[in-house]
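Novice: next come a sequence and a model predicted from it.
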Amino acid sequence: MGHADPSMAAVYREYVDEDRLVAVVNHVHNWTFFSDELSADSGV
């Protein structure tokens, strides 16, 4: 779209592996919807 990020970090963000993306989505999903169950199991 014509937007350029001039930082060096932009070079390293060229690609996110699908397995890593799925792992992050699953973690956020579990944290969002099952956080009460997880804290009950841990005794917190």
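Specialist: That came through fine. Residues are numbered from 1 along each chain as shown.
Novice: okay, helices next: where are they in this protein?
Specialist: Counting by DSSP state H, the chain has helices at residues 9-12, 18-42.
Novice: JSON lines for the ones you listed, including distance to H3, mean pLDDT and mean neighbour count?
Specialist: Just so you know, the C-beta spots here come from the backbone N, C-alpha and C atoms, and that holds for glycine as well. Shown next, in JSON lines, are those (distance: least, C-beta to C-beta, whole Å; pLDDT from 0 to 100; neighbours: other C-beta atoms under 10 Å):
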{"stretch": "helix 9-12", "distance to H3": "10", "mean pLDDT": "71", "mean neighbour count": "8"}
{"stretch": "helix 18-42", "distance to H3": "21", "mean pLDDT": "85", "mean neighbour count": "10"}
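Novice: can you tell me the centre-most residue of the chain?
Specialist: What sits nearest the mean C-alpha location of the chain, by C-alpha atoms, centre = their mean, is V24, with 3.5 Å.
Novice: from V16, how far out is that residue?
Specialist: V24 is 9 Å from V16, where distance means C-beta to C-beta, to the nearest Å.
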